[in-house]
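Asks: Below is the structure, and that's it, no one-letter string:
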Ligand code: ZN
């Protein structure tokens, strides 16, 4: 940020009084502009034994496979955003389930959240941000062509938990969570 979004004067980067971090401060109107991490919300759409993935039609990671996910919009809940992104990117209507994974991607200033979701029919189509959408058995997941470490980690957790019977035993399970390191890229 170079100019104040409130009064259009140049901003200065400095630590305001009573703060411990550098902020963009407007010397003219006094406004302090805060920047905070953004939430990326998505689903693990399950149909039978299969999981729905989207092949990205946009950068970053054009041509790589991902779970449907995107930036949360103002005024919506994380689960509503996940449902919306699943419809927009994969053309799939899902019954949203519990939150399953939470991944801090501090170096990208993002938090990624994935919900379990159920598809009641194998109905889907590629939205504008997808080249292709397809259902995959665990054995056919294109592990070397997964777009992001948060998606790869979520899929790894999902298949391991499913094999261990975590989902069939009860609705109560802990949200899987970890930090993604800068070396893992995004
Ligand atoms: Zn200002």
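Replies: That came through, no problem. Computed from a predicted structure; not experimentally measured.
Asks: these two touch, right, residue 7 and residue 30?
Replies: No: look at residue 7 against residue 30 with CB atoms under 8 Å: they stay out of range, at 9.3 Å. For the C-beta atoms, the positions are set from N, CA and C on the backbone; glycine is no exception.
Asks: Excluding chain neighbours, what is closest to residue 149?
Replies: Leaving aside its chain neighbours, residue 149 sits nearest to residue 184 (4.2 Å; criterion: CB to CB, 6 or more residues apart in numbering).
Asks: count of neighbours near that neighbour?
Replies: Look at residue 184: counted by other CB atoms under 10 Å, it has 14 neighbours.
Asks: State the pLDDT value of it.
Replies: Note on residue 184: pLDDT of 90.
Asks: what does residue 173 give?
Replies: 81.
Asks: ok, the nearest residue to residue 152 once chain neighbours are set aside - contacts?
Replies: Nearest non-adjacent residue to residue 152, counting by CB to CB, 6+ apart: residue 146, 4.5 Å away. Each residue near residue 146 by CB atoms under 8 Å, 6 or more residues apart in numbering is listed here: 64-66, 152, 155.
Asks: So which of those residues wins on neighbours?
Replies: Ranked by neighbour count (other CB under 10 Å), the contacts of residue 146 have residue 65 at the top, with 26 neighbours.
Asks: That one: what's it in contact with?
Replies: Counting by CB under 8 Å, 6+ apart, residue 65 has contacts 53-56, 142, 145-147, 151.
Asks: Make a ChimeraX selection of whichever of those turn out to be buried.
Replies: Command for ChimeraX that selects the buried part of the contacts of residue 65, burial taken from 16 or more other CB atoms under 10 Å:
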select :53,54,55,56,146,147,151
